[in-house]
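In: Attaching a predicted model along with its sequence, questions to come.
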Amino acid sequence: MAAYDNEYINGYIEKNDAGAFIGRISIDGVSLGAIVGQYFKKDNETYLWLRRNRVLEYDTERECYKERDARPRWETYLKKGIDNDICAYRGEFIFLHFRYSIVGVFDKVLGTDKHKRLNLYVERLPMNEQTIINKIKESKQDGCQ
């Protein structure tokens, strides 16, 4: 999987001039818009936390804008791993009752020398790993309808 012509596959995250990690993501063709990320260490492991950016909503009573979480809510944690000299961040998340795997791999942005971004690849897990859907099917088979 490679990005072509400065495009991305399912999403990306990169550091902006202010030092914040921002990007975009699309899951099964549904664009979630802007996402933000934060790197952190825990138990000597490096993780990346991704979530949807907060949105501004106008409060007509107070006549001002307030921040709120974007809906549907989405967040995931990716753990850093190195396989065959390739640094990749891997994780899983649930979105609209389906389980997905997500992999982030650093890549140079075409047309630049130093700028790198983390390209995100999202894939829905096979049906035998869809725990929520499989539990619903089991309960229907057991007669709990």
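Out: Ah, there it is.

In: residue ranges of the helices in this protein, please?
Out: 131-141 (DSSP state H).

In: For it, give me the ranges with low pLDDT.
Out: 1-8, 108-114, 143-145 (pLDDT under 70).

In: what about the longest strand in it?
Out: Counting by DSSP state E, the longest strand found in the chain is strand 30-42.

In: List the buried residues in it.
Out: Judged by neighbour count (16 or more other C-beta atoms under 10 Å), strand 30-42 contains these buried residues: 32, 35, 36, 37. To be clear about C-beta, it is placed using only N, CA and C from the backbone, and glycine gets the same treatment.

In: got a list of what residue 103 touches?
Out: By C-beta atoms under 8 Å, 6 or more residues apart in numbering, the residues touching residue 103 are 78, 88, 89, 90, 120, 121.

In: And the second one, how far from residue 71?
Out: Meaning residue 88. 30 Å (C-beta to C-beta, to the nearest Å).

In: More neighbours: which of these two?
Out: residue 88 (17 against 8; other C-beta atoms under 10 Å).

In: which residues does the nearest residue to the more buried one once chain neighbours are set aside bridge with?
Out: Distances taken as C-beta to C-beta, 6 or more residues apart in numbering place residue 105 nearest to residue 88, at 5.2 Å, with adjacent residues excluded. Residues in a beta bridge with residue 105, per DSSP bridges, are residue 88, residue 119.
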